[in-house]
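task: produce atomic coordinates for the following.
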Amino acid sequence: MSLSAVHGTLSSLKSCQADIGTGMDIVTDVAMDLAEAQDAEGNSGIKEMEAMLLECARLDREINYFVDIVQQVTAEVTTQQPEAMFSLSAKVKEQFTERTARISDRDLQSHPKVAAFKDSIKNSLNQANQESAENMEELDEDIAVTQSQVNFTCPLTQVEMVNPVKNKKCNHHYDEGAILGLIKTKHSQKKKCRCPVVGCGNGDVKESDLIPDQVLRRKIQSQKRQGTRT
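The predicted structure is shown next:
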């Protein structure tokens, strides 16, 4: 197998990884629906959804490890004799087995989408309990829309967010693509990324600080559906 074929396979794996991420978002949405239902079957279903999400997190981690190992091994091969290609498969298998054996439950629980899942379910349960206890009526639509326009706007793009993420340090929200782009730009300039929200004192926004906010994403999607029906 040529190195170009190996790199093509890695690209396919990365595409699969994106699909896994989308699947994890769908699982979270289903679990949130169950949490809002507030029944015994819902609680059982949430546990099943969490187990499914952890399996996806493991697969995502394994793909990361595999891609990383193959890239390292092939980089070494290109500087050696062509005969070294024959030992490529064995070397990758050995290192991959070693690294995946060290994946712990803590590693999976710390996966960004698993952390977002738990945060989303907690918020959904709290919201459902609050609505049940207070027997709240629906808010006035004009007020709800006004609040949504403020809360759903990315401070970077100044347009409605598509994939909102929350900064766990300062609790501000941004669109995922916009903030990751800013972080990358600042790092290329050897600078720290300051939170773009006016008046925020957080002067070092890191990718590891960002957590997908599935609750907010659902609210944005809900508003879009309401706008379409209107």
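
quick check: what element follows the helix or strand bottoming out on mean pLDDT in the chain along the chain?
In the chain, no helix or strand scores lower on mean pLDDT, DSSP states H and E than helix 141-151, which sits at a mean of 48. Next along the chain after helix 141-151, taking DSSP states H and E as the criterion, comes strand 164-167.

quick check: next helix or strand after that following strand?
Next helix or strand after strand 164-167 toward the C-terminus (DSSP H and E): strand 173-175.

quick one, helices of this structure?
All helices of the chain, identified by DSSP state H, fall at 3-37, 40-77, 88-100, 105-109, 112-134, 141-151, 176-188, 214-229.

mean pLDDT lowest where, among the ones you listed?
Lowest mean pLDDT within the helices of the chain: helix 141-151, a mean of 48.

and stretch 68-78, how far from the chain's centre?
The chain centre lies 27 Å from the centre of stretch 68-78; the measure is Cα atoms, centre = their mean, to the nearest Å.

same question, stretch 104-115
11 Å.

so which bits of that stretch are buried?
The neighbour-count check on stretch 104-115 (16 or more other Cβ atoms under 10 Å) flags 108, 111-114 as buried. C-betas here are computed from N, CA, C, even on glycine.

mind listing what Arg58 touches?
Residues near Arg58 by Cβ atoms under 8 Å, 6 or more residues apart in numbering: 103, 108.

cutoff 10 Å now
Residues near Arg58 by Cβ atoms under 10 Å, 6 or more residues apart in numbering: 100, 103, 105, 107-108, 111.

ditto for Val114
24, 28, 50, 53-54, 56-57, 60, 107-108 are the contacts of Val114 under Cβ under 10 Å, 6+ apart.

and for Gly8, the neighbour number?
11 (other Cβ atoms under 10 Å).

check Leu34 too.
Leu34: 21 neighbours (other Cβ under 10 Å).

Glu176 too?
As a burial measure, Glu176 scores 19 neighbours (other Cβ under 10 Å).

ditto for Val70
Val70, neighbours per other Cβ under 10 Å, totals 20.

rewinding a little: from the buried residues of stretch 104-115, which two are the most distant?
Using Cβ to Cβ, the two most remote members of the buried residues of stretch 104-115 are Leu108 and Pro112, lying 11.3 Å apart.

shared neighbours, those two?
With Cβ under 10 Å, 6+ apart as the test, Leu108 and Pro112 both reach 57, 60.

including distance to Asn167, could the helices of the chain go into a markdown table?
Shown next, in a markdown table, are those (distance: least, Cβ to Cβ, whole Å):
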| stretch | distance to Asn167 |
| --- | --- |
| helix 3-37 | 19 |
| helix 40-77 | 22 |
| helix 88-100 | 30 |
| helix 105-109 | 20 |
| helix 112-134 | 13 |
| helix 141-151 | 15 |
| helix 176-188 | 8 |
| helix 214-229 | 13 |
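
show me the contacts for the residue nearest the centre of the chain.
Nearest to the mean C-alpha position of the chain, counting by Cα atoms, centre = their mean, stands Lys113 at 4.3 Å. Going by Cβ under 10 Å, 6+ apart, Lys113 touches 20-21, 23-25, 27-28, 53, 56-57, 60, 120, 211-212, 214.

nearest to Pro164, of the residues you listed?
Distances from Pro164 to the contacts of Lys113, taken as Cβ to Cβ, are shortest for Pro212 (7.6 Å).

run through the bridge partners of the closest one.
Beta-bridge pairing for Pro212 (DSSP bridges): Val165.

mind giving me the domain split of this structure?
1-136, 137-230 (automatic domain parsing).
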